[in-house]
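>>> Return atomic coordinates for the entry below.
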Amino acid sequence: MKKGAQILVEGLMREGVEVVFGIPGGAVLPIFDVLYDSPINFYLTKHEQGAAHMADGYARATGRVGVCIATSGPGATNLTTGIATAYMDSSPIVAITGQVATSLIGNDAFQEADTTGITRPITKHNYLVKDVRDLPEVIKEAFYIASTGRKGPVLIDIPVDVSRSMADLEFPDKVEIRGYKPPYKGHHLQIRRAVDAIEEAEKPVIIAGGGVISANASDELRELVRITGIPVAMTLMGLGSFPLTDPLSLGMLGMHGTVYANYAVTEADLIIGMGVRFDDRATGRVDKFAPHARIIHIDIDTATINRTVFADIPIVGDLKAVLKEIIKYVKPKDLRDWHERIREWKEEYPLSYSREGGIKPQYIIETLYELTKGDAIIATGVGQHQMWVAQFYKFTKPRTLISSGGLGTMGFGLPAGIGAKVGVPDMPVIVIDGDGSFQMTMTELGTVAGHGIPVKVMIINNSYLGMVRQWQQLFYNRRYSASKLRGTPDFLKIAEAYGIKGLRVSRWEEVKPAIERALYEEGPFLIDFIVEPEENVFPMVPAGSALSEVMTKWEAVNLA
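Coordinates of the predicted model:
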C-alpha cells in the first residue's frame, strides 16, 4: 500500500522527471514529505509565477516536459500567468496543485480556489483527482497529453486527503484516451498537391513558426531549403529553426520584422506556413496578407487551419513526418530572379541604427552575438529589448531563444532563463531583460543565489516601459502617460544583496569588456546597461496596417 503522495512522486519518476520547480504549502505538504527522500531535484522559487516560467523555460530548452508544483488557493492562482504563457506558445508543462480536502470543496474553505475552473481555458486538459485510485492513470495521461499533438500545459489538482489516502495500484504501461488521437501522417494527396504547388511557384516563401522547433523538424526544414532554394521567414517563436546567417534567411516577419521579409511575403506567389498560427503580429492586416499567394498550411492542430488565413492546401499532421514526405518528391528550382529581388531589398533596407548619443541596445546585442557566436541560450522578457534580440542576435540553432510570444508576458525572462540553465547546464544562458520587465520577477534572483545557478543577466535600462513609450511617442503625441518608470531600484545593490556580482555600463567602450567579464565569470552575473532612453524599435508595421506598409525609422520620426 502507498499513499497518494507516494504514488504521485513515483509516477513523476516513471515519466523521467528529474527536476521540479515550486513552493510548498499546507495542501501539498504530504507531497513534499515524499519529495524529501526522492532523487528528484527540487528548486525552491520565490513566487509561483516564477516556478511556472522555470518549468516552461526548462521545457523549451530541453524539449522535455517541465514540472511545477504549488499549494492550493493563492499558490495555484499565482501559477496561472505562467500556465497561460505556456499554453499560448505550446510549451509542454505539467502543473501540480494542492487542493483542500474533498469534503471541503465548494465551502470556501481556507486557501480554496476553483483551480480547474480557473485554468480550464489556459490548459490542454486539467484534472481534479477525487479518488486516489485514479492517480496513476491521471499522471500517465497528463504527461502524454502535454507532450503530444500540439504540446501544452496540463494541470493536476490533488486534494490533500487524496495525497494522504492509501492504495495498492499498478501504473499503466500506455495511454488510451478516447477522442484524443493526435494526427501523425499528413494526407498523401494533400502532400502531393503541396509538392505540385512548390514546383509551379516562382516566388515562394516559407514561414517557419514555433511548431518547427516543437516538432524537432529543423533538419527537415533545412534539407527542404537546400533542395529547393526557397527563402525562409520566421515568426518570433520560429527563430532558430533556420539559421539567420544563411543567405536564404529573411529573418523575422511581422510587426517588427525585417522590411525584406515583409515585402517578400507580400509579393510571394506561394506561402508555405509551417507550424504557425498566422497570428496578428505576424500577418498584419489579414485581408492584405500575401495577396498574390496560394497558401500551404502544415500544422498538427486542426484548430489553427483556416482560423485566421485561408489555406488553399491544408495539411494536418506531424510537421517532421510531413516534411520528410515532401522532401521525397520536391526537385531543385531555378529561383535566381526571386533571390535577386530579395537581395536588392536586403541591400536597400538593412537592419540598422544610429551610433549617435547614448549606448544603443542594438549594439549591446550585436556585441553579445559577436562574443558568443550564437553558441548560447538567450532568454528574454517582453518589450523593446525582446524585439531587438529577435532582430540583432543571429540565432542559428533551435531551442536557443526562450521568449514569450503569444501572451507577451513581462517578467518571463529571468525565471525562464533559470529553467533553461537547469535543463541545459552546459550551455551559457543569458537573460536579456528590460528594466520594467525585470522588476516583475526579479525576486527570482533569490532562486539564482539559493541554488547557485550561473545565469548571466543583462538589463536594458532605459527608465521607461519602452514599448509603451514608443507607441505613445508615435501614436499619442508623446503623451507619456504612466510609462516613465519611477522608484526603480539600484539593480547592482539588489544583485549584491543576493551575493551576485555585477557591473553598471553607461559608455559605448565599456560594453564589450563588461560582456566578456560576465561570460568569463563562473557564477551568476548582472550587467545594468544604461541606454539611450528614447531609442525605438524599427522597422515597425503599425497595428491594423498591411505588412507592405512597414515604417522605417525616417518615416516614423516624421510621423511623430
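>>> going forward, measure contacts between C-alpha atoms and count neighbours the same way
Noted.
>>> and the helix of greatest length in the chain, how far out from the chain's middle?
Selection of the longest helix in the chain by residue count, based on DSSP state H, yields helix 48-62. With C-alpha atoms, centre = their mean, to the nearest Å as the basis, helix 48-62 stands 10 Å off its chain's centre.
>>> which residues in the stretch 1-150 of the chain form strands?
2-3, 19-22, 41-44, 66-70, 93-99, 125-128 (DSSP state E, counting those that start in this stretch).
>>> Dump the ones you listed to TSV, plus mean neighbour count.
Formatted as TSV, the strands of the stretch 1-150 of the chain follow (neighbours: other C-alpha atoms under 10 Å):
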stretch	mean neighbour count
strand 2-3	17
strand 19-22	25
strand 41-44	18
strand 66-70	30
strand 93-99	30
strand 125-128	20
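>>> Quick one: those as JSON lines, columns for distance to N477 too.
Listed next are those as JSON lines, based on distance: least, C-alpha to C-alpha, whole Å:
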{"stretch": "strand 2-3", "distance to N477": "63"}
{"stretch": "strand 19-22", "distance to N477": "44"}
{"stretch": "strand 41-44", "distance to N477": "46"}
{"stretch": "strand 66-70", "distance to N477": "44"}
{"stretch": "strand 93-99", "distance to N477": "43"}
{"stretch": "strand 125-128", "distance to N477": "45"}
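>>> Redo those strands as a markdown table? Include mean pLDDT.
Converted to a markdown table, the strands of the stretch 1-150 of the chain look like this (pLDDT from 0 to 100):
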| stretch | mean pLDDT |
| --- | --- |
| strand 2-3 | 96 |
| strand 19-22 | 98 |
| strand 41-44 | 98 |
| strand 66-70 | 98 |
| strand 93-99 | 98 |
| strand 125-128 | 98 |
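>>> E366 is nearest to which of the ones you listed?
Evaluated with C-alpha to C-alpha, these place strand 66-70 nearest to E366, the distance being 30.9 Å.
>>> Can you give the distance of that closest one from its chain's centre?
Distance, stretch centre to chain centre, for strand 66-70: 17 Å (C-alpha atoms, centre = their mean).
>>> Just give the number of residues close to T148.
17 (other C-alpha atoms under 10 Å).
>>> residues contacting it?
Neighbour list for T148: P182 [criterion: C-alpha atoms under 8 Å, 6 or more residues apart in numbering].
>>> mind checking pLDDT for it?
At T148, the predicted lDDT confidence score is 97.
>>> ok, back up a step: figure out which of the strands of the stretch 1-150 of the chain is closest to S147.
Closest approach to S147 among the strands of the stretch 1-150 of the chain is made by strand 93-99 (8.2 Å; C-alpha to C-alpha).
>>> elements contacting the closest one?
Other helices and strands packing on strand 93-99, by 3 or more C-alpha pairs under 8 Å, 6 or more residues apart in numbering; DSSP states H and E, are helix 48-62, strand 66-70, helix 74-78, helix 135-147, strand 154-159.
>>> Ok, which of those comes nearest V448?
helix 48-62 (11.4 Å).
>>> and the direction of that closest one versus that of strand 93-99, what angle?
Helix 48-62 and strand 93-99 are oriented at 150 degrees to each other (axes from the mean of the first three to the mean of the last three C-alpha atoms, to 10 degrees).
>>> quick one, helix 48-62 and strand 66-70 angle?
Compare the direction of helix 48-62 with that of strand 66-70 by the same axes, to 10 degrees and you get 170 degrees.
>>> mind putting the helices and strands packed on strand 93-99 in a markdown table, distance to L401 included?
Putting the helices and strands packed on strand 93-99 into a markdown table (distance: least, C-alpha to C-alpha, whole Å) gives the following:
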| stretch | distance to L401 |
| --- | --- |
| helix 48-62 | 8 |
| strand 66-70 | 17 |
| helix 74-78 | 25 |
| helix 135-147 | 20 |
| strand 154-159 | 23 |
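>>> Please name whichever of these is nearest to H188.
helix 135-147 (25.1 Å).
>>> Nearest spatial neighbour of G374, chain-adjacent residues omitted?
Spatial nearest neighbour of G374, chain neighbours left out: F395 (5.9 Å); criterion: C-alpha to C-alpha, 6 or more residues apart in numbering.
>>> Oops, could you answer that again for S91 instead?
Of all residues not flanking S91 in the chain, G152 sits nearest, at 4.7 Å (C-alpha to C-alpha, 6+ apart).
>>> Could you report the neighbour count for the one you found?
Look at G152: counted by other C-alpha under 10 Å, it has 28 neighbours.
>>> CA atoms only for stretch 419-438, dumped as CSV, please.
Extracted C-alpha coordinates of stretch 419-438, given in CSV (Å, rounded to 0.1, in the frame of the first residue of the first chain):
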residue,chain,number,x,y,z
GLY,A,419,14.7,26.9,-16.1
ALA,A,420,16.7,26.7,-19.3
LYS,A,421,20.0,26.7,-17.4
VAL,A,422,18.8,23.9,-15.1
GLY,A,423,17.8,21.9,-18.2
VAL,A,424,20.9,22.6,-20.3
PRO,A,425,23.7,23.2,-17.7
ASP,A,426,26.5,23.0,-20.3
MET,A,427,25.2,25.9,-22.4
PRO,A,428,25.7,29.6,-21.5
VAL,A,429,22.3,31.1,-20.6
ILE,A,430,22.0,34.9,-20.9
VAL,A,431,18.8,36.7,-19.8
ILE,A,432,18.2,39.9,-21.7
ASP,A,433,15.5,42.0,-20.0
GLY,A,434,14.1,45.5,-19.8
ASP,A,435,14.2,47.4,-16.6
GLY,A,436,10.4,47.3,-16.5
SER,A,437,10.0,43.6,-17.3
PHE,A,438,12.9,42.6,-15.0
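>>> which of the residues in it are buried?
Within stretch 419-438, the residues that count as buried by 16 or more other C-alpha atoms under 10 Å are 419-423, 428-438.
>>> Stretch 322-333 too?
Those would be V322, L323, K324, E325, I326, I327, V330, for stretch 322-333 by 16+ other C-alpha under 10 Å.
>>> closest to G26 among these?
V322 (47.8 Å).
>>> Helix or strand: which one has that closest one?
Using DSSP states H and E, V322 sits in helix 319-329.
>>> residues in contact with that helix?
With contact meaning C-alpha under 8 Å, 6+ apart, helix 319-329 is reached by 184-186, 191-192, 194-195, 211-212, 215-217, 220-221, 223-224, 274-275, 298-300.
>>> Kindly recompute the last result at 7 Å.
Outside of helix 319-329, the residues within contact range by C-alpha atoms under 7 Å, 6 or more residues apart in numbering are 185-186, 191, 195, 212, 215-217, 220, 224, 298-300.
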